[in-house]
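**Q** this one's sequence-less:
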């Protein structure tokens, strides 16, 4: 079964943002960002697109399927 892997934390840190700062940009809670980074929560398509836009990258760069 495939799992969703993400690079959200790396891109967030490279952008100089805290979890709270990124959360504010995409209009979610800091806890939501934390759970996505830790693979506990899989973001909706809309949230994934907002995250990619806020970090200046693509959804495919932030999220990948891992075997």
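**A** That came in fine, so what should we check first? The shown structure was predicted, so the numbers you read here are calculated from the model rather than taken from an experiment.
**Q** host element of residue 60?
**A** Here residue 60, judged by DSSP states H and E, is contained in helix 59-62.
**Q** got a list of contacts for the helix with the most length in the chain?
**A** Counting residues, the longest helix in the chain under DSSP state H turns out to be helix 45-54. Contact partners of helix 45-54, identified using Cβ atoms under 8 Å, 6 or more residues apart in numbering, comprise 8, 22, 25-28, 32, 36, 43, 58-59, 61-63. C-beta here means a position set from N, CA and C on the backbone, and glycine is covered the same way.
**Q** tell me the buried residues in that helix?
**A** Neighbour-count burial for helix 45-54 flags 47-48, 50-52, 54 (criterion: 16 or more other Cβ atoms under 10 Å).
**Q** JSON lines please, covering those residues and showing pLDDT and distance to residue 2.
**A** Compiled in JSON lines, these are given as follows (pLDDT from 0 to 100; distance: Cβ to Cβ, whole Å):
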{"residue": "47", "pLDDT": "98", "distance to residue 2": "19"}
{"residue": "48", "pLDDT": "98", "distance to residue 2": "16"}
{"residue": "50", "pLDDT": "98", "distance to residue 2": "23"}
{"residue": "51", "pLDDT": "98", "distance to residue 2": "20"}
{"residue": "52", "pLDDT": "98", "distance to residue 2": "20"}
{"residue": "54", "pLDDT": "98", "distance to residue 2": "25"}
